[in-house]
Structure formats: structure tokens, C-alpha cells
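Q: just need the structure, nothing else, for what follows:
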Amino acid sequence: MSFEFQYIYFIWLATAVLLFLFLFSVVKRWKRRTIKRIGEPALVKSMIRGYSPVRFNFKFFLLCIAFLMGVLSVMSLRKPGGDDGIKRSGIDVVFALDLSKSMLAQDVKPSRLLLAKQFIGKLMDAMPDNRIGLVWFAGKAFIQMPISADHGSAQMYVDDASPDVVPVKGTVIGDALEQSLKAFGEREAKYKAVILISDGEDHDEKAMEISKEMASRGLMVNTVGIGSPEGTFIPDDSTGGNKLDPATGKPVISKLNEKELQQIAANSHGVYIHLTDINAAIKTINNQLAQIDKKVSGDVSLMSFSYYFWIFATIMALCLVAEQLLPDGRKIKKEE
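A: Numbering: from 1, shown residues only. Sure thing, here's the model as predicted:
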């Protein structure tokens, strides 16, 4: 690909040179009229014998060149780097994992949480070029790891994930999506993805609103449902039995809420997967993320460029230094 100016619209600044030329001509006419008013030609010649019109014109020329070089520097000449202009590898993906107590249910083997962790581990292995971020959530959400290329650290965090990390009860998917946005840091959300893994047990209107907002910013949310629609009991480690409803004293049954997870994915042009076969789920997710890869490859905003504004900036500096060092007048020979 050829050279281009990043900010071509600054070219209009170059028209200021026309104003400089006009002012320069006004000064030249004023000088001529002043000389004529003085009168005696011999006297005038003696008075201005140290003045050099050529140097005066040349110094003005240097200033004009310096200004034009400054404009070109601001316009930022650049050229896409690499063979195809793109120096990038993979995309940014945030995993948002539900760590609520309901994820301990065993309607899938070995449990909802352990199956989710196996899925994340294998999916990270299948996307070695992608940068990874982690968000844990239950009754509140927080960033466990911002976007990073360190898959080893990400895997350690995943291995250690448990409901004890987020002791607040509940499933705040809306907050998890908000934290996922923050996990990308100051980077633009465009062409990035969130993979939200949950049983979606609690209905969250906020999640619906945020998923639509994320879609408008070019971010895709893929959702993965863990568990069964029929549901099952939630183990209670403190009693060794099943979790009981405080109001009724009956065992709590946790069911997969597919409808909410499907809607979140649909709102952000993502895909919903009911996780039963890890390998099939990974294939589906990777096919979905491949759509983002294609968009990234064609987006000039994500290309890596070599910049050459420094060439014009250097010429501008040399012109300004030369203008300052060049004397206004010429040497006057001493009369014998």
C-alpha cells in the first residue's frame, strides 16, 4: 500500500502562505515608498548599504517553507506496515463466568461450574492468538484479569474460581457485562467479544439494556448456558445436604434460564450455546469469532502504520534555525 496523509483536511492551513505573501508585498512596497520619501539617492544608498534585499527575500522564503513543512507534519504522512498493512494477531475476548452457588448444581457432570471451567480452558487453548480478560460475577461483578496475552495466568485464575470468591448471593448479569466493558481498558470496544457463561437463573432487565448498548458499540456477546431447563438441587457444603429455601424450608431447585441468555446474545449479534458437548461448543464459538476477525482485517482503524511526520518536522526545524542564523545584512567593505 502507498503513502497517505492521516489528517488530509489540515491542507487548508497551507493557504495561510497566500496571506504571508500578501503581507510581504505590502512590506516591500512600504520600504520602497519610504526610500523615495527620504530624497537624495546617494544619501539613501549610503544609509542602507548594509541591507541585502536578496537575504531579506531568502529569509522570508525560509519561513514560508518552514510553515508548509509544519502543515505537512501535522497532516501526518504514514504508510501501512507489513506486507498487507496489518500487524495484528487475534482479537480481545473477555470471559464472564457466573460463580453463584447455583453453579455448584450437578445436573451436568461433573458440575455446572467444573464443566464451565473445562470449557474456558479448552477454548483458550483453541484461540492462542487472542488476548484474554476475565470477569467473575454472582451477586456482584468484578474484573479478575484485564485484557492480557498471558494465557497461563488466565488459566490459573480459572482453575481457582469458586463461589467463595464472590460471597454475595445472586446473578447480576448486567453488572457482569458492565465490568466486561471495563476489562477492555481504554481500548475501543469495536470488534471485540464477550463470552458470558451462566445458568442465567436470575432475570436481569439491566442486562438486556446493556447488551443492546454493547451491540451499538460494535461488541459481540456470546452466551453459554450451563445446566438443564428441568433443574436440580444445589449442594450445601455447610450442611452436607441440599440448599433449603429459608421461607419454606424446602430444597431449592435451580433451573437453566435459556430465554434470557438467548435474548442477550440476539441483542448483540452473538450466538447462544447450551453447553453439553465442549468440542462442538468451541467450534461454534470460534466460527462466530471468525466474523470479527474478518472485520478487523478490513478496518483501516486497526492497521499498524509507519509514520513519517518527523521528516517534515526536521526540515521545518532546519529552516527556522537557518533563518535565525542568517544575517539580515551583508558585509560592508571598509573604505581605504
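Q: for the chain, which segments are assigned as helices?
A: 16-38, 41-47, 53-75, 112-126, 151-160, 173-183, 205-216, 258-267, 278-297, 309-325 (DSSP state H).
Q: could you chop the protein up by domain?
A: According to automatic domain parsing, the chain comprises the domains 4-82+304-325, 92-300.
Q: avg pLDDT for stretch 193-206?
A: Taken as a whole, stretch 193-206 carries a mean pLDDT of 84.
Q: follow-up on the earlier one: redo the helices of the chain as a markdown table? Include mean neighbour count and distance to P229.
A: Any C-beta I mention is one placed from the backbone N, CA and C, and that applies to glycine too. Listed next are these as a markdown table, based on neighbours: other Cβ atoms under 10 Å; distance: least, Cβ to Cβ, whole Å:
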| stretch | mean neighbour count | distance to P229 |
| --- | --- | --- |
| helix 16-38 | 11 | 70 |
| helix 41-47 | 11 | 102 |
| helix 53-75 | 16 | 60 |
| helix 112-126 | 20 | 13 |
| helix 151-160 | 15 | 26 |
| helix 173-183 | 23 | 18 |
| helix 205-216 | 17 | 19 |
| helix 258-267 | 20 | 6 |
| helix 278-297 | 15 | 17 |
| helix 309-325 | 15 | 60 |
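Q: for the ones you listed, which one sits closest to G231?
A: Among the helices of the chain, the nearest to G231 by Cβ to Cβ is helix 112-126 (10.8 Å).
Q: what angle do that closest one and helix 278-297 make?
A: 50 degrees (axes from the mean of the first three to the mean of the last three Cα atoms, to 10 degrees).
Q: now for helix 112-126, which elements pack on it?
A: If you count contacts as 3 or more Cβ pairs under 8 Å, 6 or more residues apart in numbering; DSSP states H and E, helix 112-126 packs onto strand 92-98, helix 151-160, strand 192-198, helix 278-297.
Q: repeat that with 7 Å
A: strand 92-98, helix 151-160, helix 278-297 (3 or more Cβ pairs under 7 Å, 6 or more residues apart in numbering; DSSP states H and E).
Q: and those as CSV, adding distance to F24 and mean pLDDT?
A: Below are the helices and strands packed on helix 112-126 laid out as CSV (distance: least, Cβ to Cβ, whole Å; pLDDT from 0 to 100):
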stretch, distance to F24, mean pLDDT
strand 92-98, 54, 94
helix 151-160, 64, 94
helix 278-297, 50, 81
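Q: closest to L18 out of the ones you listed?
A: The minimum distance between L18 and the helices and strands packed on helix 112-126 falls on helix 278-297, with 43.0 Å, by Cβ to Cβ.
Q: gap between K169 and A138?
A: K169 sits 7 Å away from A138, going by Cβ to Cβ, to the nearest Å.
Q: more neighbours: the two, which one.
A: Remark: of K169 and A138, A138 carries more neighbours, 25 against 13, as counted by other Cβ atoms under 10 Å.
Q: so that one is in contact with A96, correct?
A: No: with contact defined as Cβ atoms under 7 Å, A138 does not count as touching A96 (11.5 Å).
Q: quick check: pLDDT value at the nearest residue to V166 once chain neighbours are set aside.
A: Leaving out its chain neighbours, the residue that sits closest to V166 by Cβ to Cβ, 6 or more residues apart in numbering is A138, at 3.9 Å. pLDDT for A138: 90.
Q: next, give phi and psi for A138.
A: The phi/psi pair for A138 (degrees, to the nearest 10) reads phi -150, psi -110.
Q: need the contact list for it.
A: A138 makes contact with 98-100, 163, 166, 168-171 under the criterion Cβ atoms under 7 Å, 6 or more residues apart in numbering.
Q: tell me the least confident of these?
A: Per-residue pLDDT puts G170 lowest of these, at 74.
Q: does I253 have beta-bridge partners, and which?
A: F233 (DSSP bridges).
Q: buried ones in stretch 242-259?
A: 243, 252-258 (16 or more other Cβ atoms under 10 Å).
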